[in-house]
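**Q** got a predicted structure plus its sequence, pasted below:
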Amino acid sequence: MTLAFTIRGALIGSCLAFAATSVAAEQLRGWNIHVEDYPVSIAMESFAAEVAERTNGELTAKTFHNGVLGSQPDAIEQIRLGVIDFGEFSLGPMGTSIPETNVVSLPFIFPSIPAMYEMMDGEVGEAIGAGMIERGIVPLGWYDAGARSFYNSVRPINTPADVEGLKVRVMSNDLFVSMVESMDGNATPMAFAEVYQSIQTGVVDGAENNPPSYESTSHYEVAPFYSLTEHLIIPECLCMSKATWDKLTAEQQEILLDAGHNSALLQRELWQAREAASMEIVKAGGTVVNTIADKGPFQDAMAPVYEKFLADNPDLADLVNMIRDAS
């Protein structure tokens, strides 16, 4: 089951039923934070090419890469307002305006990348997508941002006890602070650009991120222990402004959903290749990479994180349980 099928449940009686006739030769403006040769960027260009071809040029899409249309939080709001037509975003920053997207920021919520694909292309993606649509954003395809794992300059991490006492940089999100603190580590929110020097000077012992980010920033030079906890699997979304979507014909909407899903399949393939290449680079550079034989103790350590999240967001309990039951 694909997003192109499941998302219709949220759109029936809304967008599809009342779509207006589109303006001929309309160009859609798209936001992207990445450089042009990044997997996300290549997939977005593929999306644009398919849309132009299948609409015979009635719709064209131009992606503005490198964040030239503004920061990610600003662009999310501009999508909701219809100032930007489409974009590719991490679900993490959407949480301030779309509560359903916060669920995927829970540690270990997805057991694996393949499981994330299956769930996001099915009922879980439909449920999250429904919340997005209610707030002005229509998902077209779920992209892969890999799994985030811990790296540091002190020791390999094989159990939660190995995190104890480590100073770990995290993204500025209470969930991620609680995640580290639940293992008796010292969470330190800071800008990503400051991480290399902070590890080098001992301000922090390490951080956590996916392999391409760990490699491309050269963090492996100062934090040579990379432990594949894969504690955060936060998908990304190719999505469109509902204000723009509502102006399109049902046929055009069908094409956009198909093209979005096809671009997601391409992006996932490109991302996996990029991850493999990054892992080879860091290993060649001397990084000690260790897998986690049993993630159960890490998942058990997250119980206080989940308890607080569900206490603060009782209306999201069904969605959390849906993902847990599918795991």
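**A** That came through, no problem. It should be emphasised that the depicted structure is a prediction, and the values quoted were computed from it without experimental measurement. Numbering: from 1, shown residues only.

**Q** read off the pLDDT value for residue 13.
**A** Looking at residue 13, its pLDDT reads 42.

**Q** no, scratch that, I was asking about residue 294
**A** So residue 294 comes in at 92 (pLDDT).

**Q** repeat for residue 19
**A** 45.

**Q** repeat that for residue 162.
**A** 98.

**Q** burial of the closest residue to it other than its chain neighbours, as a residue count?
**A** Spatially, and ignoring its direct neighbours in sequence, residue 162 is nearest to residue 155 (6.3 Å; CB to CB, 6 or more residues apart in numbering). Every residue, glycine included, has its C-beta placed from N, CA and C. Other residues near residue 155 come to 14 when the count uses other CB atoms under 10 Å.

**Q** quick check: residue 275 touching residue 146?
**A** Yes - in this structure, residue 275 is within contact of residue 146 by CB atoms under 8 Å, at 5.8 Å.

**Q** where do the contact lists of these two overlap?
**A** Common contact partners of residue 275 and residue 146 (CB atoms under 8 Å, 6 or more residues apart in numbering): 210-212.

**Q** with adjacent residues omitted, what lies nearest to residue 285?
**A** In space, residue 285 is closest to residue 220, 5.5 Å off (CB to CB, 6+ apart).

**Q** for the chain, what spans make up the helices?
**A** Along the chain, the segments classed as helices by DSSP state H run 3-6, 8-11, 39-54, 72-81, 113-120, 123-134, 174-181, 195-201, 211-216, 242-245, 250-284, 296-301, 303-312, 317-326.

**Q** any chance of those helices in TSV, with mean neighbour count and distance to residue 100 too?
**A** As requested, the helices of the chain are exported to TSV (neighbours: other CB atoms under 10 Å; distance: least, CB to CB, whole Å):
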stretch	mean neighbour count	distance to residue 100
helix 3-6	19	14
helix 8-11	17	11
helix 39-54	20	22
helix 72-81	18	14
helix 113-120	20	12
helix 123-134	21	3
helix 174-181	20	14
helix 195-201	16	29
helix 211-216	20	25
helix 242-245	20	15
helix 250-284	19	19
helix 296-301	15	22
helix 303-312	14	13
helix 317-326	14	6
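
**Q** export these to CSV and tack on distance to residue 140?
**A** Output for those, formatted as CSV (distance: least, CB to CB, whole Å):
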stretch, distance to residue 140
helix 3-6, 7
helix 8-11, 12
helix 39-54, 8
helix 72-81, 12
helix 113-120, 12
helix 123-134, 10
helix 174-181, 26
helix 195-201, 32
helix 211-216, 23
helix 242-245, 9
helix 250-284, 3
helix 296-301, 32
helix 303-312, 28
helix 317-326, 21
